[in-house]
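In: just coords:
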C-alpha cells in the first residue's frame, strides 16, 4: 500500500515537473519568438483563402493563455479595413499546416460588399475539400467570427448604402453558418438573425453549387425576410431569392430607400427575384399591398399591385386623394416582362389633374421604346405644374440677403438627361386642356423621341380666341442642344398667356402671334444668344393693367418729361393697338416694328437687342396727344434687367425739349391712325 502511494506521488510529481517545463518552454518561446516574422505567411494564407491581399500595418502580438494573436490596423484589399483583430488559435493545428482560428474578433471593421473580383496575381481560393496543405503553406480555418462597432457598406447598381453594425456573431455549425446581431439604420436598432452556407463554399470562387441564405432583419415596426441561394455570393450574383417584407413604419429602412420614406401603415411586399446578369432582376409572384400612405398633396387609401407568376401580367389598383380631390388609377401591363420582351399597358386615371386613358406598347430593351396613345378627357396643366414645382429654397440667414440676379435670362444649364432614358412614339389628345386659367378644346399632338432628339409636331388646339398650331424640336445629342419653335395663333387669348407667364391680369383681349425661332445652347442664356428667326405680336382693342404699363414704360415717360398720369396709377387702360415685329440673327434681335397706342399716348420705336449680353439699343418716340403734342425722342439703353432711358442726343431732340419747356407749340404731325399699318407689319403682311 505504501509503495503504491509512493508510485502515484512520483508519477504526479513527474507530470507536474513536465507541465512546468512545458509552460516554461512556451513562456520562453513567447519571449524569444517574434510573431511579426509570421506576417508574410499569414497574409499568404488569407490571400489564398479570399483572393485578396492582406496588409498588416500594426504590430502583431502573441499571447499564450489562451493562445491568441492580436493585430492592429489590418486591411483586406477592396474588402475591409479593421481597427484591430484578435484570433484565438489552436497551436497544435499548426503542425498539420492549418491556421485554425477558434474565434476571430474584429473591432471597428469597415466592410464593403459585394466583394470585388480577386486580384489577378492571386491564386484561386482553396476548395472546401482540401485537407492537406502544400509544404510550407498555411491553410486558414475559422470557426467563429465576432464583429463589434463596425460599418457595412453596400455598393449597389445605382446607389451606395451604409449600415452600422454594433454587434454581429457568425458561428460554424456543420455545413452552415449561423448569424445573429444588430444593425443600426437611421438611428434605430434592427435585429439580424440568419443561416447561410459554410465559409469554405463562400470563399471558393470556382464553385458553382448554390450557396443557401436565410436572413431576417426586423424591428418593432418593420420586418424583412430573405431566403434563397447565390451562385456567386461574394459578388452578389446568380441569386434566386424569395423576399417578404411588412411594415407600419419605414423610418429604420431609410438608407435602403430613395429619399425620405412616407408615412404609411399596413404595407406588405412579397416577390421572387432572380438574377438576370444586369442591374435589375427578374420578378415573379409579386404582391404589394398598402393600406394607407400619406405624402404632401397625395394620400393613398388603398393600393394593390399583383403579378401572379411568370412575369407576364401586372395589375395595379389604387384609390386615394390628390390635392384634396378623389384619385383612382387602374392599370394592366401584359406581355413578356423580361429584358428584350415587350408589354402592352392599358391604364385609366381619374384625378383632379387629369381624366385619361392610355394604351401603350413598351419595348423592354436596354433603351426602352414606348408606342401608343394618351387620350385625356380633361388635362389641367396649371395643376400639373403646381404639383411638379420644386419646394421653395430655404430662406437665407438673417443679415445675408440673397445676391441680386445678374441676368434676366437664366444661365443655369439645361438638364436634358430624361431625353436619353427611352424612345417614344406617342399620339396625344385632350378634349379639354386647361392652361393659364383658360380652357383649350381638341388639343392634339404627335410626340416622337428618338436617341435624345424630341419632336412635337403637330402641337395644335382650339383656343378661346381661335386655332393654335405649332411645332417644337430639341436635340440633346450634342452639348449645345439645338432647339426650334414654331407657333402661329391668329387669335390667341392674351389673358391666359399672361397668367401662364406669371403676370395674371396684365392684359386681356385677343392677339395674333407668329413665332419661328431656332437656336442652340447649353443654357437659356446661350440659347438666346444664338436665336435666329422672327417674332410677331399684333394686338388690337385690348385692355392693359396700368401698374404693368407703368412698370414697363415709366422710365421712358420720365426721360421724355411726360407726366406719369398719362397711364394712370391704378385701374386699366384701353389699348387701341400693340404691334411688335422683330427679326433675330445669331442672337441680335432687330426691332423693325414697335407701336403702342392708348389713345392719349402713342409710342413708336425701333432698334435692336443683343440677347447674349442682354443689352438694349432702342430708339423710342413717345407722343402725348394732349396740348402741343411734343415728341421727345428717347433712347432706351442698359440691359433687360436694368433698362436706362435718356433723351436722345442731337439737335432735333434738344429743340423739341426746349420747345416743350418754353411752351412752344411745336406740334408733331403723326399719322392719323398708325395702328392698321403697324398691325399689318407685325403680322408679316408688309415686307420688312
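Out: Nice, thanks for sending it over. Since this is a predicted model, take the numbers as computed values, not measurements.
In: Just confirm residue 678 is within a helix.
Out: Yes: counting by DSSP: H, G, I helix; E, B strand; the rest coil, residue 678 is found in a helix.
In: Do me a favour and average the pLDDT over stretch 318-325.
Out: For stretch 318-325, mean pLDDT is 84.
In: now stretch 85-105
Out: On average, stretch 85-105 scores 75.
In: start to end distance for that stretch?
Out: One end of stretch 85-105 sits 5 Å from the other (Cα to Cα, to the nearest Å).
In: Numbering from 30 from now on, please.
Out: Sure thing, new numbering starts at 30, so read that last one as stretch 114-134.
In: Roughly how far does residue 548 sit from residue 195?
Out: 58 Å (Cβ to Cβ, to the nearest Å). (Each C-beta comes from the backbone N, C-alpha and C, glycine too.)
In: So residue 527 belongs to a helix, correct?
Out: Yes: the assignment for residue 527, made by three-state DSSP, places it in a helix.
In: who's in contact with the residue nearest to it when sequence neighbours are not counted?
Out: Once flanking residues are discounted, residue 527 sits nearest to residue 535: 4.5 Å by Cβ to Cβ, 6 or more residues apart in numbering. Residues in contact with residue 535 (Cβ atoms under 8 Å, 6 or more residues apart in numbering) are 527, 573, 574, 577.
In: is it possible to export those to TSV including pLDDT and distance to residue 498?
Out: Putting the contacts of residue 535 into TSV (pLDDT from 0 to 100; distance: Cβ to Cβ, whole Å) gives the following:
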residue	pLDDT	distance to residue 498
527	80	21
573	89	27
574	88	29
577	82	28
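In: Could you check how far the residue nearest to residue 527 is from residue 414?
Out: In terms of Cβ to Cβ, residue 535 sits 19 Å off from residue 414.
In: So in the chain, which strand runs the longest?
Out: In the chain, taking DSSP state E as the definition, the longest strand is strand 127-142.
In: how near is residue 701 to residue 414?
Out: 45 Å.
In: In terms of neighbours, single out the busier of those two.
Out: When residue 701 and residue 414 are compared for neighbours, residue 414 comes out ahead with 12 against 5, by other Cβ atoms under 10 Å.
In: which element is that one on?
Out: Using DSSP states H and E, residue 414 maps to helix 410-417.
In: Distance from the following helix or strand past that helix to the middle of the chain?
Out: As assigned by DSSP H and E, the chain's next helix or strand after helix 410-417 is strand 452-464. Averaging C-alpha positions (Cα atoms, centre = their mean, to the nearest Å) puts strand 452-464 25 Å from its chain's average.
In: Over to stretch 352-360?
Out: 25 Å.
In: same question, stretch 375-386
Out: 25 Å.
In: just stretch 391-406 next, same as before
Out: Chain-centre distance of stretch 391-406: 21 Å, with Cα atoms, centre = their mean.
In: ok, residues contacting it?
Out: If you take Cβ under 8 Å, 6+ apart as the criterion, stretch 391-406 is touched by 362, 364-374, 383-390, 450-462.
In: The protein: helices as residue ranges?
Out: In the chain, the helices defined using DSSP state H lie at 31-61, 68-79, 228-232, 410-417, 523-529, 553-557, 575-588, 680-691, 704-711.
In: what helices or strands is the fifth one leaning on?
Out: When contacts are defined as 3 or more Cβ pairs under 8 Å, 6 or more residues apart in numbering; DSSP states H and E, helix 523-529 packs onto strand 467-479, strand 536-537.
In: Could you tell me the least trusted of those strands?
Out: Among these, strand 536-537 carries the lowest mean pLDDT (a mean of 87).
In: What helices and strands are in contact with that strand?
Out: helix 523-529, strand 561-574.
In: still on that earlier bit, same list (the helices and strands packed on helix 523-529) but as TSV, adding distance to residue 621 and mean neighbour count.
Out: What follows is those, written out as TSV (distance: least, Cβ to Cβ, whole Å; neighbours: other Cβ atoms under 10 Å):
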stretch	distance to residue 621	mean neighbour count
strand 467-479	30	17
strand 536-537	22	18
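In: would you list the ones you listed in JSON lines and tack on distance to residue 302?
Out: Shown next, in JSON lines, are the helices and strands packed on helix 523-529 (distance: least, Cβ to Cβ, whole Å):
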{"stretch": "strand 467-479", "distance to residue 302": "31"}
{"stretch": "strand 536-537", "distance to residue 302": "58"}
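In: out of the ones you listed, nearest to residue 93?
Out: With Cβ to Cβ, the closest approach to residue 93 among the helices and strands packed on helix 523-529 belongs to strand 467-479: 72.8 Å.
In: Run me through the strand neighbours of that closest one, direction for each.
Out: In the sheet, strand 467-479 lines up against strand 452-464 (antiparallel), strand 482-492 (antiparallel) (DSSP bridges).
In: got the angle for it vs helix 410-417?
Out: Using axes from the mean of the first three to the mean of the last three Cα atoms, to 10 degrees, the direction of strand 467-479 lies 60 degrees away from that of helix 410-417.
In: List the buried residues for stretch 200-213?
Out: Neighbour counts over stretch 200-213 (16 or more other Cβ atoms under 10 Å) mark 201, 205, 206, 208, 210, 212, 213 as buried.
In: Next: stretch 210-225.
Out: Residues 210, 212, 213, 214, 215, 217, 219, 221, 223, 224, 225 are the ones in stretch 210-225 that count as buried (16+ other Cβ under 10 Å).
In: Which one's more surrounded, residue 548 and residue 195?
Out: residue 548 (23 against 13).
In: Point out where the stretch 480-629 of the chain drops to low pLDDT.
Out: 529-530, 593-599 (pLDDT under 70).
In: The same query, at a cut-off of 80, please.
Out: 493-494, 525-526, 528-532, 580-599 (pLDDT under 80).
In: Next: the stretch 230-379 of the chain.
Out: Residue ranges of the stretch 230-379 of the chain with pLDDT under 80: 232-234, 263-264, 278-294, 307-309, 324-326, 337-341, 352-353, 364-370.
In: again, 70 this time
Out: Low-confidence segments of the stretch 230-379 of the chain, defined by pLDDT under 70: 279-291, 338-340, 366-368.
In: All set now, cheers.
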